[in-house]
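3D model of this:
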Amino acid sequence: MAYKVKFYRLASEVFQGNDSFEFSYNSLRFTLLYGINPHNEEKHCLIFIKFNTQQELLLDIDGMFRVETSLPTRFKEIREFFEVPYSRNGNGFNLFNLYKDIDANIRVASKRKQNRSQVTHSYHFPNPDAIYYHGLIRHDVNGDGHNVSVGNRDKTRHLLPDLYEMIKTKNVSVRYTDERNDAFSETKTRFLQDINKHK
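The predicted structure follows:
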């Protein structure tokens, strides 16, 4: 039976609206993002980024903030990412202790000014080059049978926080485009017009 470790502190911070963290492990600094799984935008993943490198590690996390500890096909990759030396005798390194240590030591990262493209690529949001507002899809009104995706909701929370606050409890997807279009201004007035258009 697979065993999972719950990230209690991470869960508490995410519920408070935080999703960007920093921590140290093995005398190295890391960033940890609670992002979108690039293979399934309905699910989240943990995105580890090693400071001053381009190295990134993604681990699946379930809706209960639990991460799998039995990953034999990825154990070496994870050990090497965190720069834990190989030991034939076993050095006590295991994923259970790693996850517990990370969860106990994360701290909310100070907000750095990032452009939209950096944000969408860092968090693995769907269609990361489409960063400009291009209208709404009112699933709750048009009867298309679809629901807003987790990825679309999280992307909107980061890129358009005012709009996110207006629609966070509604079944509404935000359309994005990779080209700025003055016809789709990103103002509260425009957002309200689009929200109320199909009522």
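
could you list the domains of this protein?
Split into domains by automatic domain parsing, the chain comes to 4-108, 116-196.

got TSV for those, with mean neighbour count too?
The C-beta positions use only the backbone N, C-alpha and C, and glycine is treated the same way. Listed next are those as TSV, based on neighbours: other C-beta atoms under 10 Å:
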stretch	mean neighbour count
domain 4-108	15
domain 116-196	16
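
ranking those domains by mean pLDDT, which is last?
With a mean of 88, domain 116-196 has the lowest mean pLDDT of the domains of the chain.

how about the contacts made by A109?
Shown in contact with A109 (C-beta atoms under 8 Å, 6 or more residues apart in numbering): 20-22, 31.

spatially central residue for this structure, please.
Nearest residue to the geometric centre of the chain (C-alpha atoms, centre = their mean): G35, 1.2 Å.

check which helix or strand covers that one.
Using DSSP states H and E, the element containing G35 is strand 28-36.

got a list of contacts for that strand?
The contact list for strand 28-36, computed with C-beta under 8 Å, 6+ apart, reads 10, 14, 19-24, 43-51, 61, 82-83, 102, 106, 109, 122-126, 150-151, 154-155.

I'd guessed K170 sits against D140; true?
Yes: counting by C-beta atoms under 8 Å, K170 touches D140, with 5.9 Å between them.
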